[in-house]
Each structure stands twice: as structure tokens, then as C-alpha cells.
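Novice: Below: sequence and its predicted model.
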Amino acid sequence: QKEVEQDPGPLSVPEGAIVSLNCTYSNSAFQYFMWYRQYSRKGPELLMYTYSSGNKEDGRFTAQVDKSSKYISLFIRDSQPSDSATYLCAMSPDLYGGFQKLVFGTGTRLLVSP
Amino acid sequence: DSGVTQTPKHLITATGQRVTLRCSPRSGDLSVYWYQQSLDQGLQFLIQYYNGEERAKGNILERFSAQQFPDLHSELNLSSLELGDSALYFCASSPKGVMSYEQYFGPGTRLTVT
């Protein structure tokens, strides 16, 4: 079983829809949670970062962490065709008070049609 | 553009051969991370260097090695190549501390082993 599970998709939505992307994980030591966006033929770029539980909002993007369920989500409001990309969740344990290596999900491919 | 450069963009080689991938981090970034991305395994952390010293190892095979030079560029050496080594190899750099969630990825090198 992988430490981080993510539905590969593709997830197809019309422009303007609210998108929900999710990851589950098994390692209860994970404390840092991130979402990266990867366009085709490009490297991943950091979208959002959350430490421990709770919500974080940045423009059209909202990240949620539910540590009791070992479940994290990324919501995209008013989705645009330019949001079409692969979204990778990533997480890291907080061992000895510091950040450790990132463990990535395999990514969910999102397609937003005009 | 993240500011991280990687060369070459594409590499095609035969089994048993050795290749070197090169990465130049963003100006001022001391940490360099190497990742391997394949369709079935997703993005896997390989190794991290900080200011010339190895700081963390992930799922890196013994056939693979890396180093970071005084000018902070890094090279990933892959030897005795196998078909299964075909993947995208990403380099990332970060501005903060020894390990950081804030990683900036390069465009990647696509390695094809035939």
C-alpha cells in the first residue's frame, strides 16, 4: 500500500465548476501538506502549503486538511481552462521539529473545458 | 519559469550505458533535490544536497549517484542503465534551510533507455 493515494483521473469539468481534488494517506506522522500543479511537459509548481490541520484559502484555491481522517483536499472555485493540469498532493512528516522529505501522490489530471 | 535549469531536455541511450544529468539551481538557493517521475510510481525523492553536502537520501539506487559542486550546480549520474530507469528526472532547489517544503522545480530531463 502506498503512503499517499490519489485518484489519477482524468477529472473533466466545464468552465466555472467547483473542483474537488483529494488525497488520502496512511502515515500519521505527516504534518506538512502541499499541493503542486504540473502542466504538461513542465516541472511541478507549488500552489499551496498547510501545516497540520485546518483550511487555507488563496484566491480561487482552498486547501483543507483532516488529520483525523487522514484526508486532504484542494478546492478550485470558478475553474478555468488554464487550470487544466495534473495536481499532485505532497506531504512530509515533522520529525525532530523539522521538515523531512516530501512524499508525493501520483497526481490527478484535471481537464476544464470551455 | 522557476529559475531552475536542467540539461539536457531529452536523452535517449541504451541499456548498460551511463549518463549525467545537470541542474543549475535558482540564484542563491543552496539546496538541490533530485526526483524521478514515472507513470506508475509518481514523483519519487532521490537525494538532496545542501551547500555541497549530501543531506538526505530517498529511494535512490546504488547505480545512481549525485554531487553538488562549489558553484552549487548539481549532477545526477545514472549508470548500468536498465529499461526501467526510463523516466522524467526533475531537479528542484529551495531557498530556505536544509530541508524545505518550498521547492522550485526545473523543467526536467526525459530519459529513455532502449
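Specialist: Structure received.
Novice: in chain A, what residue is nearest chain B?
Specialist: A:Gly43 (3.2 Å; C-beta to the nearest C-beta). Where C-beta positions appear, they are placed from N, C-alpha and C, glycine not excepted.
Novice: list the contacts for that residue?
Specialist: B:2, B:4, B:90, B:92, B:105-108 (C-beta atoms under 8 Å, 6 or more residues apart in numbering or on different chains).
Novice: Ranking by neighbours, what's the top pick from the residues you listed?
Specialist: Taking other C-beta atoms under 10 Å in any protein chain shown as the neighbour criterion, B:Ala92 ranks highest of those with 29 neighbours.
Novice: my read: that residue touches B:Tyr35, true?
Specialist: Yes. Between B:Ala92 and B:Tyr35 there is a contact under C-beta atoms under 8 Å: 6.7 Å.
Novice: shared neighbours, the two?
Specialist: B:Phe105.
Novice: Now for chain A: which strand has the highest residue count?
Specialist: strand A:85-95 (DSSP state E).
Novice: by contact count, what packs against that one?
Specialist: Applying 3 or more C-beta pairs under 8 Å, 6 or more residues apart in numbering or on different chains; DSSP states H and E, we find strand A:85-95 packed against strand A:4-5, strand A:19-25, strand A:30-38, strand A:71-76, strand A:103-104, strand A:108-113, strand B:42-50.
Novice: can you list the ones you listed in CSV and add mean pLDDT, distance to B:Arg63 and mean neighbour count?
Specialist: Shown next, in CSV, are the helices and strands packed on strand A:85-95 (pLDDT from 0 to 100; distance: least, C-beta to C-beta, whole Å; neighbours: other C-beta atoms under 10 Å in any protein chain shown):
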stretch, mean pLDDT, distance to B:Arg63, mean neighbour count
strand A:4-5, 94, 26, 18
strand A:19-25, 97, 30, 19
strand A:30-38, 93, 27, 22
strand A:71-76, 97, 34, 20
strand A:103-104, 91, 22, 22
strand A:108-113, 96, 31, 17
strand B:42-50, 91, 12, 22
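Novice: Format those strands as a markdown table; extra columns: distance to A:Pro93.
Specialist: Shown next, in a markdown table, are the helices and strands packed on strand A:85-95 (distance: least, C-beta to C-beta, whole Å):
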| stretch | distance to A:Pro93 |
| --- | --- |
| strand A:4-5 | 12 |
| strand A:19-25 | 10 |
| strand A:30-38 | 6 |
| strand A:71-76 | 14 |
| strand A:103-104 | 9 |
| strand A:108-113 | 23 |
| strand B:42-50 | 13 |
